[in-house]
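Enquirer: no letters, just coordinates:
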């Protein structure tokens with residue numbers, strides 16, 4: 001590695017970190033938060049006794065899980081303008097990632113809710129609670145604890161998936177790397193540097209995930 005390549009790595013570090021902190025992380029947090037809400041609503045709809053809700057939510061999960069995320073982003077950003085709906089790259093990215101998190105997260109939450117023993121429901125009913133009260137006060141808190149590890153994995157995966165937003169012109173960390181490569185002609189160096197930063201973000205989140213799991217585990221023992 002010569003002096004020029006070392007200088008490229010040094011000069012690229014700040015723009016990549018800035019794009020990661022200013023655009024990649026906010027996009028991830030907003031999409032994941034909205035996705036969790038959508039996931040909970042979808043999971044409850046799939047467990048509902050109302051057939052129409054089951055059909056609509058099941059169709060949504062089937063479509064999102066059965067098509068590539070990249071295709072979904074292209075439809076939202078490049079396809080919708082043909083029917084008069086033009087979206088900002090950030091908004092299009094948030095919608096795409098939220099729909100993805102909502103579909104996959106709903107299956108995690110649905111499985112967690114189902115895993116709660118029937119006796120928990122019956123105990124709530126015996127205390128005079130309604131179905132909604134049992135769900136809110138007894139079932140969901142336990143299901144949330146069960147859901148944490150798989151949802152945390154989804155969150156970490158989402159950090160990496162946000163690089164797909166570069167394909168619809170959203171200037172996050174990976175697109176910033178593309179711009180640097182276009183001027184330096186050093187793809188190996190710059191893309192490797194971007195990969196290391198993604199790895200750094202994922203490692204930090206993994207540490208936080210392990211900490212959260214330990215805290216919840218201690219809470220469940222008590």
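Expert: All right, it came through fine. Everything numeric here is computed off the predicted structure, so don't read it as measured data.
Enquirer: may I ask which helix or strand encompasses residue 52?
Expert: For residue 52, the element it lies in under DSSP states H and E is helix 51-66.
Enquirer: for that helix, buried residues please.
Expert: By 16 or more other C-beta atoms under 10 Å, the buried positions in helix 51-66 come out as 53, 57, 60, 61, 64. (Glycine included, C-beta is placed from N, CA and C.)
Enquirer: now render those as a markdown table, adding distance to residue 83 and pLDDT.
Expert: Formatted as a markdown table, the buried residues of helix 51-66 follow (distance: C-beta to C-beta, whole Å; pLDDT from 0 to 100):
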| residue | distance to residue 83 | pLDDT |
| --- | --- | --- |
| 53 | 27 | 94 |
| 57 | 24 | 95 |
| 60 | 19 | 96 |
| 61 | 24 | 96 |
| 64 | 20 | 96 |
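Enquirer: and for residue 115, nearest residue in space, chain neighbours not counted?
Expert: In this structure, residue 115 finds its nearest non-sequential neighbour in residue 146, 5.9 Å apart by C-beta to C-beta, 6 or more residues apart in numbering.
Enquirer: ok, then the element right after the helix or strand hosting that neighbour?
Expert: Residue 146 is part of helix 140-161 when elements are defined by DSSP H and E. Later in the chain than helix 140-161, the nearest helix or strand by DSSP H and E is helix 173-184.
Enquirer: what about that next one, average pLDDT?
Expert: Per-residue pLDDT values over helix 173-184 give a mean of 92.
Enquirer: same question, stretch 135-151
Expert: For stretch 135-151, mean pLDDT rounds to 87.
Enquirer: how much space separates the residue nearest to residue 115 from residue 38?
Expert: 19 Å (C-beta to C-beta, to the nearest Å).
Enquirer: can you map out the helices along the chain?
Expert: Under the criterion DSSP state H, the chain carries helices at the ranges 3-19, 25-46, 51-66, 69-74, 89-115, 118-126, 131-134, 140-161, 173-184, 187-221.
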